[in-house]
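>>> quick one: sequence plus predicted model below, questions after.
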Amino acid sequence: MTTITSFVFNPFYENTYIIADENNDCWVVDPGCYSEGEQMKLINYITEKQLRPVLLLNTHCHLDHIFGNSLIAKTYNLSPYWHENETQIAKNAKIGAMMFGVKAPEYVEPGGFLKEGEVLTIGSSTFKILFTPGHSPGSVSFYNEKEKYVIVGDVLFRESIGRTDLPGGNFDVLIKSIKKEILTLPEDTVVYNGHGEPTTIGHEKKYNPFLR
Ligand SMILES: [Zn+2]
């Protein structure tokens, strides 16, 4: 059984997630901490809860999802894992930073790549990797079937979808990913996204104007 905790970080109000198991091992997903205060908040939380970060994951590599990669990598001696289609996106974060007028995240070499259909295990829990490109060319989602939740990054938001105007984005590919990989999950599955409040598959099927 896992517990999931979220933090809202950086000028883009990005959701960072900590997934912890029953033995206090944890995953850090999309660390977006940007300011020193945000960095301290995340590290202090991990310390106070006596968690042991064992894996650093990125749903995709837009700058707001990787600001904290170097902090987590250095502090816990971890390397980030992402889909191989995201390496160029991570390297291009510098350009995005100039565009948005923020400081660039430090590039951290990945420890390996996440593959579609691969199953990741933490404690007694498992997450299947869903390949959900469109917002970004290598976006992945982490699906915990037993505990009925999925972490989707910027693929799907509450009553909205991810933007597709950034390099490597593609609207038709995104809609296809959502319909094929996400909306086919059970309706009571909770969707934790990269920005804003969580939602459910059932809610999005009913109310998401992009998915009619
Ligand atoms: Zn994004």
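Arrived safely.

>>> count the neighbours of residue 91 for me.
11 (other C-beta atoms under 10 Å). C-beta coordinates here come from the backbone N, C-alpha and C atoms, glycine included.

>>> quick one: contacts for it?
Residues in contact with residue 91 (C-beta atoms under 8 Å, 6 or more residues apart in numbering) are residue 107.

>>> give me the pLDDT value at it.
On pLDDT, residue 91 comes in at 97.

>>> packing partners of the lengthiest helix in the chain?
For the chain, the helix with the greatest residue count under DSSP state H is helix 36-48. With contacts defined as 3 or more C-beta pairs under 8 Å, 6 or more residues apart in numbering; DSSP states H and E, helix 36-48 has these neighbours: strand 3-9, strand 14-20, helix 69-76.

>>> would you reformat these as CSV and include distance to residue 160 and mean pLDDT?
Written out in CSV, the entries for the helices and strands packed on helix 36-48 read as follows (distance: least, C-beta to C-beta, whole Å; pLDDT from 0 to 100):
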stretch, distance to residue 160, mean pLDDT
strand 3-9, 17, 98
strand 14-20, 14, 98
helix 69-76, 26, 98
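
>>> of the ones you listed, which stretch is the most buried?
Counting by mean count of other C-beta atoms under 10 Å, strand 14-20 has the highest mean neighbour count of these, with a mean of 23.

>>> the nearest residue to residue 15 once chain neighbours are set aside and residue 17: what is the separation?
Of all residues not flanking residue 15 in the chain, residue 6 sits nearest, at 5.0 Å (C-beta to C-beta, 6 or more residues apart in numbering). Distance, residue 6 to residue 17, using C-beta to C-beta, to the nearest Å: 5 Å.

>>> keeping just the C-alphas, turn stretch 47-64 into CSV.
Extracted C-alpha coordinates of stretch 47-64, given in CSV (Å, rounded to 0.1, in the frame of the first residue of the first chain):
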residue,chain,number,x,y,z
THR,A,47,13.7,13.9,6.5
GLU,A,48,10.8,14.4,8.9
LYS,A,49,8.8,11.4,7.6
GLN,A,50,12.1,9.4,7.7
LEU,A,51,11.6,8.4,4.0
ARG,A,52,14.3,6.8,1.9
PRO,A,53,14.2,8.0,-1.7
VAL,A,54,15.0,5.0,-3.9
LEU,A,55,13.8,6.2,-7.4
LEU,A,56,13.6,9.5,-9.2
LEU,A,57,11.0,9.5,-12.0
ASN,A,58,10.0,12.1,-14.6
THR,A,59,6.6,11.8,-16.4
HIS,A,60,8.2,14.1,-19.0
CYS,A,61,11.1,16.6,-19.0
HIS,A,62,9.6,20.1,-19.4
LEU,A,63,11.5,22.4,-17.2
ASP,A,64,8.8,22.8,-14.6
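
>>> for it, buried residues please.
By 16 or more other C-beta atoms under 10 Å, the buried positions in stretch 47-64 come out as 51, 53, 55, 56, 57, 58, 59, 60, 61, 62, 63, 64.

>>> which residues sit in contact with the residue lying closest to residue 9 once chain neighbours are set aside?
Excluding the flanking residues, the one nearest residue 9 by C-beta to C-beta, 6+ apart is residue 32, at 4.0 Å. Contacts for residue 32 (C-beta under 8 Å, 6+ apart) come out as 7, 9-10, 12, 14-16, 38, 64-68.
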